[in-house]
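**Q** the sequence isn't on hand, but the structure is:
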């Protein structure tokens, strides 16, 4: 079971996930959407494609661009299409 926590809130939890480049990617239906707000940030990975980001909001605090996902992943990264990964102080454990 993998779990993502920030400021005591469970952001995502699942026994089904993908690990790519040391990051755990959670299926979109396993995130607690109440803590996620769409961000305007986008970055590009040469082999995964264009990433979109979420800001995380817990108890009035915002962690900007702390989660990302590939809505239209390239073929090589199709296993994480739509899956969500975390950074910026979000604790992810298996």
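**A** Good, I have the coordinates. Predicted, not measured: the structure shown is a model, and the values here were computed from it. Numbers count the residues shown, from 1 in each chain.

**Q** residue 12: neighbour count?
**A** Residue 12: 27 surrounding residues under other Cβ atoms under 10 Å. All C-beta spots, glycine's among them, are computed from the backbone N, C-alpha and C.

**Q** hmm, who's touching the helix or strand harbouring it?
**A** Per DSSP states H and E, residue 12 falls inside strand 9-14. For strand 9-14, contacts defined as Cβ atoms under 8 Å, 6 or more residues apart in numbering pick out 1-5, 26-27, 30-32, 35-36, 56, 58-59, 67, 84, 86, 90.

**Q** name the residues of the helix or strand following that strand that come out as buried.
**A** Using DSSP H and E, the helix or strand that follows strand 9-14 towards the C-terminus is strand 18-20. Across strand 18-20, burial judged by 16 or more other Cβ atoms under 10 Å covers residue 18.

**Q** could you do stretch 8-16 as well?
**A** For stretch 8-16, by 16+ other Cβ under 10 Å, it's 11, 12, 14.
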